[in-house]
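Chemist: Fold the following and give me the result.
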Amino acid sequence: MTRLLQIGITFIIINLSFGYLIYPDLIYKLTHTAHWELVMCHALFQLFLIWIFMKGLSYFPQKDVVDIYLKIGRWLAFLFFIPFVINLIMIVAFNIRVHTEVIISIFLPRTPIWAILILLFFISAYTATKGIGTILRCSVFISILVIPLVVFNIFSSSVNFDLHNVSQVMDLPIHSWLDIKFFYLLGLSPFLFLGFMTSETNLTFRKLIVPWISVTLFFLSVVYIPLFIFGQETVVRLTNPFVEAMDSVDISWFSFNRQTVFFGVSLVGLVIFANAVILWMVGQVAKKISEWRVIKPSHWIIGASVLSFMFALIVPNKTLIEKYFLWSIGAQTVFMVITPFIIFIYGYLSERDVLGYEE
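Modeler: Sure, this is the predicted structure:
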């Protein structure tokens, strides 16, 4: 039960890491009204994909997603996981760089980017090399540190709310469903890491409902807090709407008079943990599809982190960082859509001996 709780916490933390900065901005650009409808549509579609994914994994007890692809065929595994790993490396790079820019703007304006990048990459890579047991135990520590800060940020922001800033809570425009940015939203709700952990636990879809509800409520809060404070016309012009919303709250009664200090601290914990999970996934994939048995997963993780650091460092400006990050998120969405269906269809056919599958 403890391991299942840790996986649920990991699901929440990873979604928080990706959702804080990019998610609200995408929602505001997709629609001017009925933001909650778009958030709920995205959340329900994510829930459907998770159900398909978990159902497919249930056909293969004690096997993770890499093992299943290898059963289908080694060449298919190579064709799928090589671009998958490359994209994970890019996501790690741009995720840390985006968060580094915000961390610098909050409380380290004179610190060079490379210094913060080295620190974040080192801690993430070191955590990833220690294995999934350490990562899951860290999820409990991170949740104790970060989630109270998140809750504090959300509730303390209510002092600046103006309910008149949000109008037309219904009638979502039809073009919102067809915009490419809606496609990007799915990539900001990663769940494929679950397929790397089911071989060690009795994880089922039902046990992910509470984490999913928690993440959905979080997404609603990060979308509506800037809306209640600034209004739609203003938030679409802000670079980081949620950061600006946090900075607008006066908490001079507390020892720290800027709420963004708490926000910055939570970002550090979230980005380190999320990237540790992604780097661990890279190590697991490389270990299982590679025939170089002398190279340990920790070596692949270190190599991936070095490549990510180089990519994060060479991007010249914030505009390109966000652009490349969205491209990587879009690629991740493709993997998140096709993987559950491939696993489900193969498992369904195997169970009925259509493919001559043998346990």
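Chemist: When you work out contacts or count neighbours from here on, use the C-alpha atoms and nothing else.
Modeler: Fine.
Chemist: in the protein, which spans are strands?
Modeler: Along the chain, no segments are classed as strands by DSSP state E.
Chemist: what's the least confident helix or strand in it, going by average pLDDT?
Modeler: Least confident element among the helices and strands of the chain, by mean pLDDT, DSSP states H and E: helix 175-178 (a mean of 60).
Chemist: Skipping its backbone neighbours, what lies nearest Val140 in space?
Modeler: Nearest non-adjacent residue to Val140, counting by C-alpha to C-alpha, 6 or more residues apart in numbering: Gln6, 6.5 Å away.
Chemist: Please verify my assumption that the one you found contacts Ser143.
Modeler: No: look at Gln6 against Ser143 with C-alpha atoms under 8 Å: they stay out of range, at 9.7 Å.
Chemist: returning to what we had before: what's near enough to touch the residue nearest to Val140?
Modeler: By C-alpha atoms under 8 Å, 6 or more residues apart in numbering, the residues touching Gln6 are 136-137, 139-140.
Chemist: Of those residues - the most surrounded one?
Modeler: Compared across those, Ser139 has the highest neighbour count, 25 neighbours, by other C-alpha atoms under 10 Å.
Chemist: Tell me if I'm right that that residue and Gly8 touch.
Modeler: No: using C-alpha under 8 Å, Ser139 is not in contact with Gly8, being 9.3 Å away.
Chemist: dump the residue contacts of the nearest residue to Lys55 once chain neighbours are set aside.
Modeler: Excluding the flanking residues, the one nearest Lys55 by C-alpha to C-alpha, 6+ apart is Phe344, at 6.5 Å. Neighbour list for Phe344: 52-53, 55-57 [criterion: C-alpha under 8 Å, 6+ apart].
Chemist: And for Gln332, the neighbour number?
Modeler: Neighbours of Gln332 under the rule other C-alpha under 10 Å: 23.
Chemist: now do Ile135
Modeler: Neighbours around Ile135, by other C-alpha under 10 Å: 23.
Chemist: now swap in Gly303 and tell me
Modeler: Residues contacting Gly303 under the criterion other C-alpha under 10 Å number 16.
Chemist: Then Leu279?
Modeler: For Leu279, the count of nearby residues is 31 (other C-alpha under 10 Å).
Chemist: Isn't it up against Leu307?
Modeler: No: judged on C-alpha under 8 Å, Leu279 makes no contact with Leu307 at a distance of 11.3 Å.
Chemist: who touches both of those two?
Modeler: Ile89.
Chemist: Show me which pair in the contacts of Phe344 is furthest apart.
Modeler: Checked with C-alpha to C-alpha, those reach their widest spread between Ile52 and Leu57, with 8.6 Å between them.
Chemist: What ranges in the protein fall below the confidence cut-off?
Modeler: Within the chain, the segments meeting pLDDT under 70 span 1, 165-180, 198-201, 249-262, 293, 353-359.
Chemist: hmm, 50 instead?
Modeler: Scanning the chain for pLDDT under 50 picks out 255, 357-359.
Chemist: Helices of the stretch 1-150 of the chain, residue ranges please.
Modeler: Listed in chain order, the helices of the stretch 1-150 of the chain (DSSP state H, counting those that start in this stretch) span residues 2-19, 23-30, 35-58, 65-72, 74-107, 113-129, 132-156.
Chemist: Any buried residues in the longest one, and which?
Modeler: Neighbour counts using 16 or more other C-alpha atoms under 10 Å place 77-78, 81, 84-85, 87-104, 106 of helix 74-107 among the buried residues.
Chemist: Show me what it is packed against.
Modeler: For helix 74-107, the packing partners by 3 or more C-alpha pairs under 8 Å, 6 or more residues apart in numbering; DSSP states H and E come out as helix 65-72, helix 113-129, helix 259-289, helix 297-314, helix 318-351.
Chemist: Kindly compare burial across these and name the winner.
Modeler: Most buried of the helices and strands packed on helix 74-107 by mean neighbour count (mean count of other C-alpha atoms under 10 Å) is helix 259-289; its value is a mean of 23.
Chemist: which strands and helices sit next to it?
Modeler: In terms of contacts (3+ C-alpha pairs under 8 Å, 6+ apart), helix 259-289 is packed against helix 2-19, helix 65-72, helix 74-107, helix 113-129, helix 132-156, helix 241-247, helix 297-314.
Chemist: possible to save the ones you listed as JSON lines with distance to Met197?
Modeler: Listed next are these as JSON lines, based on distance: least, C-alpha to C-alpha, whole Å:
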{"stretch": "helix 2-19", "distance to Met197": "8"}
{"stretch": "helix 65-72", "distance to Met197": "9"}
{"stretch": "helix 74-107", "distance to Met197": "17"}
{"stretch": "helix 113-129", "distance to Met197": "14"}
{"stretch": "helix 132-156", "distance to Met197": "8"}
{"stretch": "helix 241-247", "distance to Met197": "32"}
{"stretch": "helix 297-314", "distance to Met197": "16"}
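Chemist: Test my guess that Ile345 contacts Gly56.
Modeler: Yes: assessed by C-alpha under 8 Å, Ile345 is found in contact with Gly56 at 7.3 Å.
Chemist: ok, back up a step: looking at the helices and strands packed on helix 259-289, which is closest to Leu30?
Modeler: Closest approach to Leu30 among these (C-alpha to C-alpha): helix 241-247, 14.6 Å.
Chemist: No further queries at this time; thank you.
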